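*Asks:* Turn this into a structure:
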Amino acid sequence: MKYENGLTSILINNKNTLTATAIVFVRVGSVDEKPFQSGLSHFLEHLMFKGSKNYRGDLMGRNVENMGGYINAATAKEFTMYYINIQKDGLGESIKMLADAMQNPLFPQDEIDRERKVVIEEIQRHSDNPAAVIYEKFYETVYEASALKNSIIGTPQVVANVSREEIYGYYKTHYIPAKMIVVVSGNFDETAVEKLIGETFGKFEEQSASPDPMLFEKVHDGKDIIEYGKVETGYMLTGFLGPAINEEDIYTADTAVNILGSGKSSRLYKALYEKKHLVYSTDSYFMTEKGTGNICIISVFDSKNLKKIKDEIKKQIEYIIDGGIAEEELNRATLSIKTNWNFSLETPFGTADNIGYWHLMDNPKFVTEHMKKIESMTVSDIINFFKKYYSPATVSNIALLPSAATV
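*Replies:* Just a heads-up that it's a prediction; the model follows:
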């Protein structure tokens, strides 16, 4: 449902459960940040449940706990989400709390100062995580022009020095009805919930949204980057640009990446791990973004195998392009995707998260078309996908090796 102030609500009723979920998606994330705001979306997420007009201090968290529920939030590149999982009788109060948090946050100075330390510690842990480090570098490399290169976690300098006024100004700019989607899933009275959303979120003041950031990337040459750090083994992300989230090729991307490197039956696992023993682990992903997505392969390995791994990844993709896909590989990938998709819709939260996400990404038809497209995929579709998006010249390899490594 679309409200006059620009808010969107989605209600998904399921009388076969005793629980419910309320999620608020806000269309703001690291892509909306200027360099001097790096990490501000994430920092703001930490502060939104730290007291509001009608729920001072930690009252909101205690209320949810007393109702047997769970409250949390997360920040991504294009959005921030806030949610409460609750037994069905607590849904009304949960919606009221989320609405008050979104409309009337207090941002107490003592909480800001306390959370600075928490977030800076989180940033430090992030920088000590090898996989996180190469993901950051990979996005900076693959996305040269797009705001998708911006880091979600941000910098300690911004978090340490941003003022309450700057935080509040960022909140006022982005936490507006036109950028919010409220999703309720589970067992509830639709008429009552729709009325409650109208009386809470529907009363938010209408504001014009700022222009969307640029999220599309033109194909460009890849880079080979090797960095050294305090790691005991090698880590590498290999990848290249893929389709945007509103393109038909996203369906093919899921299947193509599954065949290439997802699970023990995949091409890369068999070649890199089972046959040639070049890696300790390997996995592949299609990273969906609202703009240009990417295909990436993560490998953990002994540093001496770096070049052989790059060569083998290239070889396996070229094998696929040359027509080397068996029908049983396609069938396995289809079943794997179907199973994971169905499991993701098993709970009220999973359903709300999936449907809300695809609405937020302006591609709501994905939810109903996903499995139809996957099940109609052909071997030729996979081959043509790699022909279209893969080129050795556009592949980037970001490696993090032990300081004493010689390659």
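*Asks:* For this structure, just list every one of the strands.
*Replies:* Applying DSSP state E to the chain gives strands spanning 8-13, 19-26, 70-75, 80-87, 180-186, 224-229, 234-244, 281-287, 292-301, 396-402.
*Asks:* Show me the one of those strands that comes nearest residue 331.
*Replies:* Comparison of the strands of the chain against residue 331 by C-beta to C-beta identifies strand 281-287 as nearest, at 18.3 Å. Every residue, glycine included, has its C-beta placed from N, CA and C.
*Asks:* Restricting to C-alpha, output that closest one in CSV.
*Replies:* Extracted in CSV, the C-alpha atoms of strand 281-287 (Å, rounded to 0.1, in the frame of the first residue of the first chain):
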residue,chain,number,x,y,z
SER,A,281,38.5,-23.6,0.5
THR,A,282,36.7,-21.9,-2.4
ASP,A,283,33.3,-20.4,-3.0
SER,A,284,31.6,-18.2,-5.6
TYR,A,285,28.8,-15.6,-5.3
PHE,A,286,26.7,-13.3,-7.5
MET,A,287,26.6,-10.1,-5.5
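*Asks:* Quick check: neighbours of it in the sheet, parallel or antiparallel?
*Replies:* strand 292-301 (antiparallel) (DSSP bridges).
*Asks:* okay, the strands of the chain in CSV with distance to residue 117, mean neighbour count and mean pLDDT next?
*Replies:* Output for these, formatted as CSV (distance: least, C-beta to C-beta, whole Å; neighbours: other C-beta atoms under 10 Å; pLDDT from 0 to 100):
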stretch, distance to residue 117, mean neighbour count, mean pLDDT
strand 8-13, 36, 18, 98
strand 19-26, 25, 26, 98
strand 70-75, 18, 16, 98
strand 80-87, 21, 22, 98
strand 180-186, 29, 26, 98
strand 224-229, 25, 14, 96
strand 234-244, 28, 24, 98
strand 281-287, 31, 19, 97
strand 292-301, 31, 23, 98
strand 396-402, 27, 22, 98
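*Asks:* For those strands, please prepare TSV with the additional fields distance to residue 137.
*Replies:* Listed next are the strands of the chain as TSV, based on distance: least, C-beta to C-beta, whole Å:
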stretch	distance to residue 137
strand 8-13	36
strand 19-26	28
strand 70-75	20
strand 80-87	24
strand 180-186	32
strand 224-229	6
strand 234-244	8
strand 281-287	14
strand 292-301	12
strand 396-402	5
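*Asks:* Which one of these lies nearest to residue 2?
*Replies:* strand 8-13 (5.7 Å).
*Asks:* Quick one: residues in contact with the closest one.
*Replies:* The set of residues external to strand 8-13 that reach it, using C-beta atoms under 8 Å, 6 or more residues apart in numbering, is 1-3, 180-188, 190, 193-194, 197, 201, 348, 351-352, 355-356, 359.
*Asks:* Ramachandran coordinates for residue 5?
*Replies:* The phi/psi pair for residue 5 (degrees, to the nearest 10) reads phi -80, psi 0.
*Asks:* That one is in contact with residue 206, isn't it?
*Replies:* Yes. At 4.0 Å, residue 5 counts as touching residue 206 under the criterion of C-beta atoms under 8 Å.
*Asks:* Report the residue spans of the stretch 301-407 of the chain with pLDDT below the cut-off.
*Replies:* Scanning the stretch 301-407 of the chain for pLDDT under 70 picks out the ranges 404-407.
*Asks:* count of neighbours near residue 59?
*Replies:* 13 (other C-beta atoms under 10 Å).
*Asks:* what residues are up against the closest residue to it other than its chain neighbours?
*Replies:* Spatial nearest neighbour of residue 59, chain neighbours left out: residue 51 (7.8 Å); criterion: C-beta to C-beta, 6 or more residues apart in numbering. Residue 51 makes contacts with 57-60, 105-108, 111, as judged by C-beta under 8 Å, 6+ apart.
*Asks:* Give me the distance between residue 51 and residue 103.
*Replies:* Using C-beta to C-beta, to the nearest Å, residue 51 is found at 13 Å from residue 103.
*Asks:* Surely residue 231 and residue 303 touch.
*Replies:* No. The pair residue 231 and residue 303 does not pass the contact test of C-beta under 8 Å, sitting 9.4 Å apart.
*Asks:* which residues are in contact with both of these two?
*Replies:* Counting by C-beta under 8 Å, 6+ apart, the shared contacts of residue 231 and residue 303 are 401-402.
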